[in-house]
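# Predicted model, plus sequence, below.
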Amino acid sequence: MRLTVLAATLGALAATSASAQTVDPYSPLPPPPLPDDSGQGVPSPPTGAWEPAARVPPPPPPVSSAEPDGTAAPPAVTRDRVRAPGPRVRRTRVTTGPLTPLALGMDGLSFELEHAFGEHASFFLGPRFGAFPKTHFSLSSGLRFFPSFREPAPAGFWIGPELWTAFEYNAGVDAATGASYGYSDVGVFALAMAGYTIVYRSGFTMSFGAGLGGGVSIKEGTGLVVPNPVTSNRIASVTGTTGVPSIALHWNIGYAF
């Protein structure tokens, strides 16, 4: 009798344990386990079967900014950084031509050196020599301002002051009387000039302009004067200082570098 009761009790316990391990299909499932490092797979939550794990690609290696020898790599050349070289800017002009106030006469030859010291200004200096009809030497200097923004100095339209200092000597013989004469003339002229300068890519340059001004003439000596055509004495003293208005013309050609 006792054996029968013990067997019945053990059977009831076994049935209870089996029913406790039964999985309810409607109960929420636990979260699936994370894939391991071996990549062999993880168990499938519903069935418990093993499935292949998805591999995550490794990150790309960092790009080195140095060359193999350890020096810094040059920056990458892009289309925005590549620019065609612009035209050469020629700042200095060496020229020659008839450049003088008309009060000094148009004979002789002048030379000029001009240099730009910025985008809109230049300084120039030049001598002039002449021998006919009177021997003279003069020196000019001044500033030129270029208001245009289209091209840098010394090219383009310009305005500016100019100063002339001249020395002349005139001598001759009166054909009627055979008497000789001679006098020196020192002149100082201030001019307001305007003009235009062209500088070609080849270096050839030319400039032209005009201006108004005036100055003083200081003479000393004797000269040929004709106060009265009847008198035979046509040589007299010309010593004195006089004011001289002047119209100036400007033209020269040369090379710029």
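Alright, I've got the coordinates. Because the structure is a prediction, the values reported are computed rather than measured.

# only C-alpha atoms for contact and neighbour calcs from this point on.
Noted.

# now the strands for the stretch 101-250 of the chain?
109-116, 121-130, 135-145, 156-173, 180-199, 204-224, 235-237, 240-256 (DSSP state E, counting those that start in this stretch).

# got TSV for those strands, with distance to residue 57, mean neighbour count and mean pLDDT too?
As requested, the strands of the stretch 101-250 of the chain are exported to TSV (distance: least, CA to CA, whole Å; neighbours: other CA atoms under 10 Å; pLDDT from 0 to 100):
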stretch	distance to residue 57	mean neighbour count	mean pLDDT
strand 109-116	65	20	91
strand 121-130	66	19	90
strand 135-145	69	20	90
strand 156-173	66	18	91
strand 180-199	65	19	94
strand 204-224	68	18	93
strand 235-237	111	16	86
strand 240-256	66	17	91
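
# Need those strands in CSV (columns: distance to residue 90).
As requested, the strands of the stretch 101-250 of the chain are arranged in CSV below (distance: least, CA to CA, whole Å):
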stretch, distance to residue 90
strand 109-116, 9
strand 121-130, 12
strand 135-145, 16
strand 156-173, 13
strand 180-199, 8
strand 204-224, 10
strand 235-237, 51
strand 240-256, 6
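
# Which among these is found nearest to residue 93?
strand 240-256 (4.3 Å; CA to CA).

# Point out the other helices and strands that the closest one packs with.
The helices and strands touching strand 240-256, judged by 3 or more CA pairs under 8 Å, 6 or more residues apart in numbering; DSSP states H and E, are strand 92-97, strand 100-101, strand 180-199, strand 204-224.

# now for the first one, which elements pack on it?
Helices and strands touching strand 92-97, by 3+ CA pairs under 8 Å, 6+ apart, are strand 109-116, strand 240-256.

# Redo those as JSON lines? Include distance to residue 97.
Output for the helices and strands packed on strand 92-97, formatted as JSON lines (distance: least, CA to CA, whole Å):
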{"stretch": "strand 109-116", "distance to residue 97": "5"}
{"stretch": "strand 240-256", "distance to residue 97": "4"}
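
# Residue 162: which of these is closest?
Ranking the helices and strands packed on strand 92-97 by proximity to residue 162 (CA to CA) places strand 240-256 first, at 10.0 Å.

# my read: residue 236 touches residue 220, true?
No - taking contacts as CA atoms under 8 Å, residue 236 lies outside contact range of residue 220: 11.1 Å.

# Listing request: residues of the stretch 1-150 of the chain with sub-threshold pLDDT.
Filtered on pLDDT under 70, the stretch 1-150 of the chain yields the residue ranges 1-56, 61-87, 99-108, 131-133.

# circling back to that earlier point, do you know which of the helices and strands packed on strand 240-256 lies nearest residue 126?
That would be strand 92-97 among the helices and strands packed on strand 240-256, by CA to CA, at 9.2 Å.

# Could you report the neighbour count for residue 202?
Residue 202 sits with 10 neighbouring residues when counted by other CA atoms under 10 Å.

# tell me the contacts of it?
Neighbour list for residue 202: empty [criterion: CA atoms under 8 Å, 6 or more residues apart in numbering].

# which phi and psi does residue 59 have?
Backbone torsions of residue 59, given as degrees, to the nearest 10, read phi -70, psi 150.

# what residues are up against it?
Residues near residue 59 by CA under 8 Å, 6+ apart: none.

# Excluding covalently adjacent residues, which one is nearest to residue 247?
Of all residues not flanking residue 247 in the chain, residue 212 sits nearest, at 4.8 Å (CA to CA, 6 or more residues apart in numbering).

# Next: residue 118.
Sequence neighbours aside, residue 153 is the residue nearest to residue 118 in space, at 7.0 Å (criterion: CA to CA, 6+ apart).

# Repeat that for residue 165.
residue 188 (4.7 Å).

# What residues are bridge-paired with the one you found?
residue 165, residue 216 (DSSP bridges).
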